[in-house]
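Student: any chance you could fold what I've pasted below:
(one chain, ligands or ions: 1)
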Amino acid sequence: MQYDVLILGRGIAGAVLAEACRQRGLSVHVFDRPQAGSASLAAGGAVNPVVLRRMHPCWRAAALMPVARTFFGQWQQRLGIRCWHETPLVHVFSGPDDVQRWNHALGDARAAPFITARAEPEIHQAPFHAPHGYGTVTDSAWLDIPQLLDAQRTELLGERALTETLVGGGDVVADPHGVQIGDVRGRWVVDCTGPFHHGPGLSLVKGESLTVRIPGLALSRIVHGGIGLLPIGGGLFRVGSTFKWTDTWEGTTEEARDWMLARLAEFLGLPAEVVDHHAGVRPAALDRKPIIGQTGPRQAMINGLGARGVMQAPWCAGHLLDHLMAGHPLDPEVDLARFR
Ligand SMILES: Cc1cc2nc3c(=O)[nH]c(=O)nc-3n(C[C@H](O)[C@H](O)[C@H](O)COP(=O)(O)OP(=O)(O)OC[C@H]3O[C@@H](n4cnc5c(N)ncnc54)[C@H](O)[C@@H]3O)c2cc1C
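Tutor: Sure, this is the predicted structure:
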């Protein structure tokens, strides 16, 4: 069995890389087994181009958002599903400083294309507590990650292009022409193992989120007011998330659950019933930029997607494939060489 690209890991990084290969006519075989701590299994899937705490666009938002929009739009069309949802995000201001940052951003040419000041009837119809007002991020979206990963899994299994196992370091045998894992051979192997990867430059950040039911709440927007509230359909919402730099692999905790419910209660006067509780580990880079590049003559990696995996993954996959297949130089800002 000979493939162009073998992929280790099928969180959002590996899944997107597999689809990017397919779009370029490259054959892929993916090795993955879901594990506790996987970031993509805990992620809400919000795609927000603005850093709300500082009210400026996140890294390369203007370039990355259109790439993500086109990529996921084409992918869902090919699969015959609807997992990419254009979803405005309403940011409920925490106080006068937040309002001031927002007003400044409205006049800032970098931030202004993503945001607007407009009335949001849903915020007034539901018992949201917004004494300082709110602003809207217009360019945001939501990716239904479980739906997309499930659809891709079905497709890959049908093509015998997915092996649901964990690959140990010693299982990958490289020679100058390619790599071999068991009886599967590839020209390249790309490590997309996210927080499970042991390499320089990574700083792991634990996150927890909740799936809740809130009877009586109808919402088509993401609302953020100290914590995010994301409508995911069927009367359910994602609430999250937390950030923790210690005890990253400890799993779900009562403390985080209580903290998230308390933040939610501060800005929404409706009871929330917890349906599910998720914990994952974000594979963040020390400088908060992706980590891409070659780790050997036939080995490469994509990692460091941090808290913005959905927005960054399509650009990262395209950038790595341009490098491996067409010899394009790596952008120094994402090149893993910066951590060597
Ligand atoms: C609580 C929480 C909320 C978040 N919310 C959002 C959000 O709303 N929007 C957003 O864009 N991002 C969000 N993120 C960040 C996002 O989840 C990450 O950026 C992204 O999921 C990273 O994807 P990944 O594929 O690199 O890693 P992972 O999703 O962790 O995937 C790695 C995969 O590799 C597999 N693997 C590991 N080792 C091996 C091996 N040896 N062999 C085979 N397979 C292996 C694992 O089992 C796993 O399936 C959130 C993260 C958390 C924790």
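
Student: could you use CA atoms for every contact and neighbour count after this?
Tutor: OK.

Student: does stretch 305-320 come close to the ligand?
Tutor: Yes: applying Cα under 6 Å from any ligand atom, one finds that stretch 305-320 is in contact with the ligand at 305-311.

Student: got TSV for those residues, with neighbour count too?
Tutor: Shown next, in TSV, are these (neighbours: other Cα atoms under 10 Å):
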residue	neighbour count
305	27
306	24
307	21
308	22
309	25
310	29
311	27
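
Student: make a markdown table out of those residues and add secondary structure.
Tutor: As requested, the residues of stretch 305-320 next to the ligand are arranged in a markdown table below (DSSP: H, G, I helix; E, B strand; the rest coil):
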| residue | secondary structure |
| --- | --- |
| 305 | strand |
| 306 | coil |
| 307 | coil |
| 308 | coil |
| 309 | helix |
| 310 | helix |
| 311 | helix |
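
Student: could you export stretch 277-284 as PDB, CA atoms only?
Tutor: Taking Å, rounded to 0.1, in the frame of the first residue of the first chain, the C-alpha atoms of stretch 277-284 are listed here in PDB:
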ATOM      1  CA  HIS A 277     -18.500  18.200  30.200                       C
ATOM      2  CA  HIS A 278     -15.300  18.200  28.100                       C
ATOM      3  CA  ALA A 279     -11.600  18.600  28.800                       C
ATOM      4  CA  GLY A 280      -8.800  18.900  26.300                       C
ATOM      5  CA  VAL A 281      -5.300  20.200  26.000                       C
ATOM      6  CA  ARG A 282      -4.500  23.000  23.500                       C
ATOM      7  CA  PRO A 283      -1.200  22.500  21.700                       C
ATOM      8  CA  ALA A 284      -0.100  26.200  21.900                       C
END
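
Student: who touches that stretch?
Tutor: For stretch 277-284, contacts defined as Cα atoms under 8 Å, 6 or more residues apart in numbering pick out 36-43, 194-195, 202-211, 248-249, 251-252, 257, 290, 303-307.

Student: hang on, the earlier thing: tell me which of the residues of stretch 305-320 next to the ligand is nearest to residue 84?
Tutor: residue 310 (10.5 Å; Cα to Cα).

Student: and that closest one, how far from residue 178?
Tutor: Using Cα to Cα, to the nearest Å, residue 310 is found at 29 Å from residue 178.

Student: check residue 283 too.
Tutor: Taking Cα to Cα, one finds residue 283 at 27 Å from residue 178.

Student: so these two - more neighbours on which side?
Tutor: residue 283 (28 against 20; other Cα atoms under 10 Å).

Student: so for the helix or strand hosting residue 203, what's the average pLDDT?
Tutor: Using DSSP states H and E, residue 203 falls within strand 202-213. Averaged across strand 202-213, pLDDT comes to 98.

Student: how about residue 248: what's its closest non-neighbour residue?
Tutor: In space, and not counting its chain neighbours, residue 248 is closest to residue 206: 4.8 Å by Cα to Cα, 6 or more residues apart in numbering.

Student: surely the one you found and residue 252 touch.
Tutor: No: using Cα atoms under 8 Å, residue 206 is not in contact with residue 252; the gap is 9.9 Å.

Student: which residues touch residue 130?
Tutor: Counting by Cα under 8 Å, 6+ apart, residue 130 makes contact with 92-93, 267.

Student: could you dump those to JSON lines with secondary structure, pLDDT and distance to residue 133?
Tutor: Shown next, in JSON lines, are those (DSSP: H, G, I helix; E, B strand; the rest coil; pLDDT from 0 to 100; distance: Cα to Cα, whole Å):
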{"residue": "92", "secondary structure": "strand", "pLDDT": "97", "distance to residue 133": "6"}
{"residue": "93", "secondary structure": "coil", "pLDDT": "96", "distance to residue 133": "6"}
{"residue": "267", "secondary structure": "helix", "pLDDT": "92", "distance to residue 133": "12"}
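
Student: what's near enough to touch the nearest residue to residue 139 once chain neighbours are set aside?
Tutor: Spatial nearest neighbour of residue 139, chain neighbours left out: residue 114 (5.3 Å); criterion: Cα to Cα, 6+ apart. Taking Cα under 8 Å, 6+ apart, we find residue 114 in contact with 49-50, 57, 137-139.

Student: please apply the same query to residue 267.
Tutor: Counted by Cα under 8 Å, 6+ apart, residue 267 has contacts 128-130, 225.

Student: also residue 182?
Tutor: 171-172.

Student: that'll do, ta.
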